[in-house]
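Enquirer: below is the sequence, then the predicted model.
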Amino acid sequence: MTASTTIPHREKLLREGMRRLYVHGFHGTTIDAILEGAGVPKGSFYHHFGSKEGFAKQVLARYVQFQLDQLGEWGGRADLTTPAVLSGYFRAMAERFIASGHRDACLAGKLATELCAEHDAFRAQLAEDLGVWKGRIAELLRRGQRRGDVRADQPAELLADAVLALLQGAFVVALASRDDASLASVGTALELLVASPG
């Protein structure tokens, strides 16, 4: 491996940490396990992240940015209606979840249920990150309202709250049930929720 293709320690840690947090959660993931899996010395972890909680915040930020990027890609599809954009975005999430062996659901939801009751700083960041995610969904819905394919009888922000809650809840149920049909039905429900009656 040449110097130009060497993966920096920080990146190795984030990749390994995301993988382990998906599988084991925050409490079930140890710093030593992350270091061993990443093949990185312990000093690098504390240099880049300071603490395990600081590390989890950065993994979460990366996950939310990935979701924003995916939503942006779907939102750029001029060939789809806004309801179809949202259902396509969700179905792509569901396909990744199924392909992972029903393991990699929504990392934000997983960490929220595990940490928000006991870690105020983590809860505050998660609330901020989810607020940005909801804001992007609301922007998409406002564009759809102007275009006429999203219902205009409700504010875009209220619809975005419902969309985000439906996304999160779908994966909580799917983690327990392993019922792929229920995921398909959520994609349809998203379209019905936001579509203009016309």
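Expert: Looks like it came in fine.

Enquirer: what separation do you get for the closest residue to residue 119 other than its chain neighbours and residue 168?
Expert: In space, and not counting its chain neighbours, residue 119 is closest to residue 53: 6.4 Å by C-beta to C-beta, 6 or more residues apart in numbering. All C-beta atoms are positioned from the backbone trio N, CA, C, and that covers glycine. Using C-beta to C-beta, to the nearest Å, residue 53 is found at 22 Å from residue 168.

Enquirer: next secondary structure after the helix or strand bottoming out on mean pLDDT in the chain?
Expert: Every helix and strand of the chain was ranked by mean pLDDT, DSSP states H and E. The lowest is helix 107-115, at a mean of 85. Following helix 107-115 in sequence order, the next helix or strand is helix 120-147 (DSSP states H and E).

Enquirer: what's the helix or strand just after that next one packed up against?
Expert: Scanning forward in sequence from helix 120-147 by DSSP H and E, the next helix or strand is helix 156-177. Using 3 or more C-beta pairs under 8 Å, 6 or more residues apart in numbering; DSSP states H and E as the contact criterion, the elements in contact with helix 156-177 are helix 82-99, helix 107-115, helix 120-147, helix 180-194.

Enquirer: for helix 156-177, give the mean pLDDT please.
Expert: Helix 156-177 carries an average pLDDT of 92.

Enquirer: tell me the buried residues in it?
Expert: If you call a residue buried by 16 or more other C-beta atoms under 10 Å, then helix 156-177 has these buried ones: 156, 159-160, 163-164, 166-168, 170-171, 174.

Enquirer: ok, now stretch 93-112?
Expert: Buried positions in stretch 93-112, judged by neighbour count with 16+ other C-beta under 10 Å: 93-94, 97, 102, 104-112.

Enquirer: which among the residues you listed gets closest to residue 24?
Expert: residue 110 (10.2 Å; C-beta to C-beta).

Enquirer: quick check: the closest one touching residue 27?
Expert: No: counting by C-beta atoms under 8 Å, residue 110 does not reach residue 27; the two are 11.5 Å apart.
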